[in-house]
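what's the 3D shape of this:
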Amino acid sequence: MITNDGRRLAFHVTQGNDRTIVLDSGGGEDSSQWKDLVPKLHADTGATVITYDRAGLGKSDVVPGPWKVESAVSDLKAGLEQLGVTTNVTLVSHSQAGEIANYFAKDNPKMLSGAVLVDANLPQFFTDEEIPRLVAATKPQIDAAKKDPDRPENRRLISTAEGFAPAHKAFHKVTWPDSVPATVIVSEKTPLDGSPVDAQRWRDAAASFVQDGPDRTFVTAKGSSHEVPKERPDLVLKEIEDMVATQH
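Modelled structure (predicted):
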């Protein structure tokens, strides 16, 4: 357990060499999302592998109020520093964790040797045109969640929805540092499978992210829904191992 800003967070460490792979789960998922990948990554690379539960998930403390990416970035950085990890990190981020990854990379580029962004939220997607569409599309789900706000999954939905538009207008302006190589894995079906327009924008945003800087690679997870770590663990494993191998 590490402490940051008065909250306790659970970090899970498989000790290895001086290289570190950090696996950051998608929205609503705790560290158990990666339980099958951790031993394989450790065996294949010899690296230290770290997973953690974000605030409000798994064994970590609940934080009331809206979800703030700045707090999540602060928690991740504090946890790594308290564990003595300050360089040589390959960051692997699924879905909502892509927002944490982008801010983390912008503020701490020297800590990272590379990143694998797995069907991740990327700044390019959250345009002034797209944000209202997303708010409207999720409104029925949020309204239903508010009828039973104490359920953990409902609490998470409500906290993410609060302040969504201004938070993602700000996120749209974040730029990834050129010094950090990145592989972007995009699911074939995308998280927006029910809307061809939004699904295409998701793919286009990923392609745009890759084109916007050096050392970036675009990979499609064929046949996969948004749950790429579950449905294509082989691909995720390969891309992480390739990133670690090229960096050291």
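
And for the spatially most central residue of the chain, nearest residue in space, chain neighbours not counted?
The residue lying closest to the centre of the chain (CA atoms, centre = their mean) is Ala97, at 1.9 Å. Closest residue to Ala97 apart from its sequence neighbours, by CB to CB, 6 or more residues apart in numbering: Asp24 at 3.8 Å. The C-beta positions use only the backbone N, C-alpha and C, and glycine is treated the same way.

neighbours of that neighbour, just the number please.
29 (other CB atoms under 10 Å).

Could you list the low-confidence segments of the protein?
248 (pLDDT under 70).

Tell me where it has helices.
37-45, 69-82, 97-107, 130-145, 152-161, 164-171, 196-211, 228-231, 233-247 (DSSP state H).

Columns distance to Thr217 on top of the ones you listed, output as TSV?
Listed next are these as TSV, based on distance: least, CB to CB, whole Å:
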stretch	distance to Thr217
helix 37-45	18
helix 69-82	23
helix 97-107	15
helix 130-145	24
helix 152-161	29
helix 164-171	22
helix 196-211	7
helix 228-231	15
helix 233-247	8
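
any idea how far the residue lying farthest from the centre of the chain is from Glu239?
Distance from the C-alpha centroid of the chain, by CA atoms, centre = their mean, peaks at Lys147 (28.1 Å). Separation of Lys147 from Glu239 (CB to CB, to the nearest Å) stands at 40 Å.

Over to Gln141?
The value you get for Gln141 to Glu239, if CB to CB is used, is 31 Å.

Asp198 now?
25 Å.

out of these two, which sits in the busier spot?
Glu239 (21 against 17).

does Arg8 really touch Asp53, like I thought?
No: with contact defined as CB atoms under 8 Å, Arg8 does not count as touching Asp53 (10.1 Å).

Overlap in contacts, those two.
Common neighbours of Arg8 and Asp53 (criterion: CB atoms under 8 Å, 6 or more residues apart in numbering): Ser60.

Does the residue nearest to Ala97 touch Thr90 like I think?
No: using CB under 8 Å, Asp24 makes no contact with Thr90, being 11.3 Å away.

can you pull the contacts of Ile100?
Asp24, Val69, Ala72, Val73, Leu76, Ser93.

For the last one, list each beta-bridge partner.
For Ser93, the beta-bridge assignment (DSSP bridges) gives partners Asp24, Leu117.

Count the residues that sit near the closest residue to Val180 other than its chain neighbours.
In space, and not counting its chain neighbours, Val180 is closest to Leu112: 4.8 Å by CB to CB, 6+ apart. Look at Leu112: counted by other CB under 10 Å, it has 22 neighbours.

quick one: Leu112 and Asn88, what's the gap?
Taken as CB to CB, the span from Leu112 to Asn88 is 9 Å.

any residues in contact with both of these two?
By CB under 8 Å, 6+ apart, no residue touches both Leu112 and Asn88.

which residues touch Pro66?
Counted by CB under 8 Å, 6+ apart, Pro66 has contacts Ser159, Thr160, Glu162, Gly163, Ala167.
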